[in-house]
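Colleague: Only the shape, not the letters, is given here:
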């Protein structure tokens, strides 16, 4: 049976960008930018995105497009006879399951806060009480499990409808709404009092601030963020390569995905930094920025209920686009490897993902006494394994598979990547891909473990 593909090029780009665009773009990017001096961090981030993120992205997409299979079958069809590269495919699927076991909980928080602002729950809350709202949200097993469950059901329901009728159609609508919302929110923030100070801090490189933060730390933070923003290393992108056409080169498509991902990250800063400077809030507030700092800002704004609801609707779209993309990888893998129908695979994964996500959803209430890796709670432990181990190691495996004679090989990778019209990858980058890029990934891996 012919494998279903995307109906349009725009659909592929929006769905692939939706996978990359997630909570990290809006949650992590602004507070890391704030903690690392603003504009200088942004400059290094953009440099490393081109040097590291885009090349690895072309490799995942090349493996998918050449094989027209999900990751395990893809490795099996491209690997040299007798080799065992496909074992990494199973590790990728484990990584996707583990990623979704905590990501669905955080996505549920976004939906929860959207409903709180929409229903006016914050209208009777003063600034000092906002942290208590988030604490109560975490402490409630009912809220955590219900909104996590809503996330899982929505994601599976979209995937069950198929590539074009479900994933492409729904994600395209969400992404268009997401892009529209972020522009509206950014315009509103730039009209606030003292917004100019926030914009200056965010966009104008100031090396004195970077030196104060530690220039080496700023560079490493930018390298990390540029690498992790695209969710590379667990084949979340590979599956969409298997659905894409041969009409365009992978360098062209990868750069478009990177640009869209970067646009959302940069626009998120345009929302947050002017607001922080307008309401005298620390720009390095950390992970609490989204659920404590921003609600404190919204309740002081004119029409804050509306702006808060719109912001968390935007966050919901950002998180659900990633959920849908990763769910599709898992559903397609079960179809390819076990011969299941899409409906059976969707139902089985619904059960696995809901049950597997329960420990994290209960990790701040009924299971709050449990600590795992290095004293971390359940969510942080799962995130540590995915972000600090599986993503960099997985990216290194894809890189070696595509560039060494023991894997698929550089010539075959390059031939696939340059198929179609658009920007081509020059052959003289071979030594950069084979020697320098692995070294950079190993630095990220070592830093993550330290």
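Modeller: Ah, there it is. Treat the numbers as computed from the prediction; the structure is a model and nothing was measured.

Colleague: which one is residue 26 nearest to, not counting chain neighbours?
Modeller: Residue nearest to residue 26 in three dimensions, not counting chain neighbours: residue 268, with 4.3 Å by Cβ to Cβ, 6 or more residues apart in numbering. C-beta coordinates here come from the backbone N, C-alpha and C atoms, glycine included.

Colleague: The one you found: which element?
Modeller: In this assignment (DSSP states H and E), residue 268 forms part of helix 250-278.

Colleague: Return the distance of that helix from the chain's centre.
Modeller: 12 Å (Cα atoms, centre = their mean, to the nearest Å).

Colleague: what packs against that helix?
Modeller: helix 9-20, helix 29-35, helix 39-48, helix 54-67, helix 169-190, helix 195-203, helix 293-298, helix 410-417 (3 or more Cβ pairs under 8 Å, 6 or more residues apart in numbering; DSSP states H and E).

Colleague: Mind listing what's buried along it?
Modeller: 250-258, 260-278 (16 or more other Cβ atoms under 10 Å).

Colleague: Could you do stretch 334-352 as well?
Modeller: Of all the residues in stretch 334-352, those buried under the rule 16+ other Cβ under 10 Å are 334-337, 340, 342, 345-346, 348-350, 352.

Colleague: Also stretch 389-400?
Modeller: Counting neighbours by 16+ other Cβ under 10 Å, stretch 389-400 gives 390-400 as buried.

Colleague: likewise stretch 412-426?
Modeller: Those would be 413-414, 416-420, 425, for stretch 412-426 by 16+ other Cβ under 10 Å.

Colleague: quick one on the thing from earlier: the residue nearest to residue 26 reaches residue 25, doesn't it?
Modeller: Yes - between residue 268 and residue 25 there is a contact at 6.0 Å, judged by Cβ atoms under 8 Å.

Colleague: how deep is the spatially closest residue to residue 115 that is not a sequence neighbour tucked in, by neighbour count?
Modeller: In this structure, residue 115 finds its nearest non-sequential neighbour in residue 121, 7.9 Å apart by Cβ to Cβ, 6+ apart. By the criterion of other Cβ atoms under 10 Å, residue 121 has 15 neighbours.

Colleague: cool, and the one 4 residues further on?
Modeller: Here the number of neighbours of residue 125 (other Cβ under 10 Å) works out to 15.

Colleague: Please apply the same query to residue 32.
Modeller: 19.

Colleague: Report the contact partners of residue 135.
Modeller: Contact criterion Cβ atoms under 8 Å, 6 or more residues apart in numbering gives no residues in contact with residue 135.

Colleague: quick one: buried residues of the helix or strand harbouring it?
Modeller: Using DSSP H and E, residue 135 sits within helix 130-139. For helix 130-139, a neighbour-count test (16+ other Cβ under 10 Å) marks 130, 133-134, 137-138 as buried.

Colleague: Quick one: distance of stretch 408-425 to the chain centre.
Modeller: On Cα atoms, centre = their mean, the centre of stretch 408-425 falls 25 Å from the chain's centre.

Colleague: Any chance you could list what contacts that stretch?
Modeller: 55, 58-59, 61-63, 65-66, 78-79, 245-253, 255, 401-404, 427, 430, 433-434.

Colleague: among the residues you listed, which ones are buried?
Modeller: Buried by 16+ other Cβ under 10 Å: 55, 58-59, 61-63, 65-66, 78-79, 248-253, 255, 401-403, 433, out of these.

Colleague: can you pull the contacts of residue 74?
Modeller: 63-64, 66-67, 89, 238, 242.

Colleague: farthest-separated two in the residues you listed?
Modeller: The span of the contacts of residue 74, defined through Cβ to Cβ, is set by 66 and 89 at 14.4 Å.

Colleague: Please indicate which of the contacts of residue 74 has the highest neighbour count?
Modeller: That'd be residue 63 among the contacts of residue 74, by other Cβ under 10 Å, with 29 neighbours.

Colleague: is it true that that one touches residue 238?
Modeller: Yes - the pair formed by residue 63 and residue 238 meets the contact definition of Cβ under 8 Å, at 5.4 Å.

Colleague: hey, what's in contact with both of the two?
Modeller: Common neighbours of residue 63 and residue 238 (criterion: Cβ under 8 Å, 6+ apart): 71, 74.

Colleague: related to what we said a few turns ago, secondary structure added to the buried residues of stretch 334-352, as a markdown table?
Modeller: Formatted as a markdown table, the buried residues of stretch 334-352 follow (DSSP: H, G, I helix; E, B strand; the rest coil):
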| residue | secondary structure |
| --- | --- |
| 334 | helix |
| 335 | helix |
| 336 | helix |
| 337 | helix |
| 340 | coil |
| 342 | helix |
| 345 | helix |
| 346 | helix |
| 348 | helix |
| 349 | helix |
| 350 | helix |
| 352 | helix |
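
Colleague: and which of those residues is nearest residue 83?
Modeller: Among the buried residues of stretch 334-352, and counting by Cβ to Cβ, the member closest to residue 83 is residue 337, at 18.3 Å.

Colleague: How about the contacts made by the closest one?
Modeller: So residue 337 contacts 70, 72-73 (Cβ under 8 Å, 6+ apart).

Colleague: quick one: low-confidence ranges for the stretch 351-450 of the chain?
Modeller: For the stretch 351-450 of the chain, applying pLDDT under 70 flags no range at all.

Colleague: Could you do the stretch 101-250 of the chain as well?
Modeller: In the stretch 101-250 of the chain, no residues with pLDDT under 70.

Colleague: What are the phi and psi values at residue 85?
Modeller: Per-residue torsions, residue 85: phi -60, psi -30 (degrees, to the nearest 10).

Colleague: Can you check what pLDDT the model gives it?
Modeller: Turning to residue 85, the model gives it a pLDDT of 96.

Colleague: can you check the one 3 residues further on too?
Modeller: Among the per-residue scores, residue 88 holds a pLDDT of 96.

Colleague: Which helix or strand contains it?
Modeller: If you go by DSSP H and E, residue 88 is part of helix 87-118.

Colleague: Go through that helix and flag the buried ones.
Modeller: Neighbour-count burial for helix 87-118 [16+ other Cβ under 10 Å]: 88-89, 91-93, 95-114, 116-117.

Colleague: what do you get for stretch 358-372?
Modeller: Burial within stretch 358-372, assessed by neighbour count using 16+ other Cβ under 10 Å, is assigned to 358-365, 372.

Colleague: which one of those is nearest residue 5?
Modeller: Distances from residue 5 to those, taken by Cβ to Cβ, are shortest for residue 360, at 33.7 Å.

Colleague: Perfect, I'm done here.
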